[in-house]
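K.L.:
below: sequence and its predicted model.
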Amino acid sequence: MVSLLGFGTGLQDTAWLLGIYYACIWGVVLHNLIDPAHFSWGKTLTCVGFVIIVGIPLLLVLQRILPFSLLYGGIREGGVGTLIGFVLGVGVLEEFIKGLPVYLFLVNPGKVRDPLTTAFYGAMSGLGFAISEGGELFVAICHWL
């Protein structure tokens, strides 16, 4: 499928297609493992799409605002500064972005109350993040090589 859709496209498009392909596989695996009580394609696509379209740009803006800009700067220091930067800077912001669509669209309006269903949609949000991050990383590595 990726070969068919990606034929004649650029490297970046192919990377996105591969990311979507593997995210779909993981989505099926996680759906079978978690077995959410309330599954909806619409909610799944909302979580994935929100992270890709709104979450990543929001993350890039928040990285430049204090205190996160200082924490991200600590990543390059080495030692304890790197640990603090990754845990309190990268970790907090990225997990906030992944949790945001689940909270805004499912938990806060009371549409989902089951912990397993909430965990499933959190995982789908994480897959949206992985699609975006993986596609960009793949392109960067290919250009570097």
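P.N.:
Perfect, I can see it now. This structure is a prediction, so every number in the text was calculated from the model and none was measured.
K.L.:
contacts and neighbour counts: CA atoms only from here.
P.N.:
Fine.
K.L.:
quick one: contacts for the most centrally placed residue in the chain?
P.N.:
The centroid of the chain falls nearest to residue 129 when counting by Cα atoms, centre = their mean (1.3 Å). Shown in contact with residue 129 (Cα atoms under 8 Å, 6 or more residues apart in numbering): 48, 51, 52, 56, 98.
K.L.:
was I right to think residue 34 contacts residue 122?
P.N.:
No - Residue 34 lies out of contact with residue 122 (Cα atoms under 8 Å); the separation is 11.4 Å.
K.L.:
could you list which of the contacts of residue 129 belong to strands?
P.N.:
The members of the contacts of residue 129 all map outside strands under DSSP state E.
K.L.:
will you turn the residues you listed into CSV that also has distance to residue 118 and neighbour count?
P.N.:
As requested, those are exported to CSV (distance: Cα to Cα, whole Å; neighbours: other Cα atoms under 10 Å):
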residue, distance to residue 118, neighbour count
48, 14, 28
51, 16, 28
52, 19, 21
56, 21, 19
98, 12, 26
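K.L.:
show only the entries of those residues found in helices.
P.N.:
Among the contacts of residue 129, DSSP state H puts 48, 56, 98 in helices.
K.L.:
from those residues, pick the one nearest residue 14.
P.N.:
The closest of the ones in helices among the contacts of residue 129 to residue 14 turns out to be residue 48 (Cα to Cα; 18.6 Å).
K.L.:
neighbouring contacts of stretch 103-120?
P.N.:
Residues from elsewhere that reach stretch 103-120, judged by Cα under 8 Å, 6+ apart: 30, 31, 34, 35, 36, 37, 38, 39, 43, 102.
K.L.:
compare those residues and tell me which is most surrounded.
P.N.:
Comparing the contacts of stretch 103-120 by number of neighbours (other Cα atoms under 10 Å), residue 102 comes first, having 26 neighbours.
K.L.:
any idea of the pLDDT on that one?
P.N.:
At residue 102, the pLDDT value in this model is 93.
K.L.:
my read: residue 122 touches residue 97, true?
P.N.:
No - Residue 122 sits out of contact with residue 97 when judged by Cα under 8 Å, with a separation of 10.4 Å.
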